[in-house]
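# here you go, sequence then predicted model.
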Amino acid sequence: MSKSILLICGSGASSGFMAANMRKAAKKEGLDYKIKARSESELGDYMDDIDALMVGPHLKAEFDGIKERVPENVKVILMHADYYSILDGKGAIAHLQEELGD
């Protein structure tokens, strides 16, 4: 089953690179994940159509507030700085799978 994943960061720039790397890693693993990246300010436009929301580590201070804004059925995950800082798509996919129980 396909899962829709949204990545957000402050401006959408760094998460755009991360999303591209995650799409490559997911494809290699044979996972049907639709991964897109947007800025935090665009969250409201996308949150009803996603299964999981991955939040950039630099938004940690806003994490609880972001979590409160999304529907309860959406898994909200704070990305780890160790893989995010080097745009390690494989590490991000492993974390996502762990959180989703896939």
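Now that the structure is in, tell me what you want to look at.
# make it CA atoms for all contacts and neighbour counts henceforth
Will do.
# what's downstream of the biggest helix by length in the chain, the next helix or strand?
Across the chain, the longest stretch assigned as helix under DSSP state H is helix 13-29. Note on helix 13-29: by DSSP states H and E, the next helix or strand toward the C-terminus is strand 33-39.
# returning to what we had before: packing partners for the longest helix of the chain?
Secondary-structure packing of helix 13-29 (3 or more C-alpha pairs under 8 Å, 6 or more residues apart in numbering; DSSP states H and E): strand 3-9, strand 33-39, helix 89-100.
# buried residues in the last one?
Okay, so that is helix 89-100. With burial defined by 16 or more other C-alpha atoms under 10 Å, the residues of helix 89-100 counted as buried are 89, 90, 91, 92, 93, 95, 96.
# grab the nearest non-local neighbour of the last one.
In this structure, residue 96 finds its nearest non-sequential neighbour in residue 77, 7.7 Å apart by C-alpha to C-alpha, 6 or more residues apart in numbering.
# from residue 49, how far off is residue 74?
Distance, residue 74 to residue 49, by C-alpha to C-alpha, to the nearest Å: 9 Å.
# same question, residue 55
On the measure of C-alpha to C-alpha, residue 55 and residue 49 end up 16 Å apart.
# of these two, which one has the most company?
residue 55 (25 against 13; other C-alpha atoms under 10 Å).
# beta partners of that one?
residue 8, residue 78 (DSSP bridges).
# i'd like the first residue to be 229 from this point on
Taking 229 as the first residue, the last one we looked at is residue 283.
# quick check: the gap between it and residue 229.
From residue 283 to residue 229 the distance is 23 Å (C-alpha to C-alpha).
# repeat for residue 326
Residue 326 is 17 Å from residue 229, by C-alpha to C-alpha.
# check residue 291 too.
28 Å.
# more neighbours: which of these two?
residue 291 (16 against 6).
# didn't the more buried one look like it was pressed against residue 283?
Yes - between residue 291 and residue 283 there is a contact under C-alpha atoms under 8 Å: 7.5 Å.
# find residues that contact each of those two.
residue 306 (C-alpha atoms under 8 Å, 6 or more residues apart in numbering).
# so who does residue 268 touch?
236, 237, 238, 239, 240.
# ditto for residue 279
Residue 279 sits in contact with 231, 232, 233, 301, 302, 303, where contact means C-alpha under 8 Å, 6+ apart.
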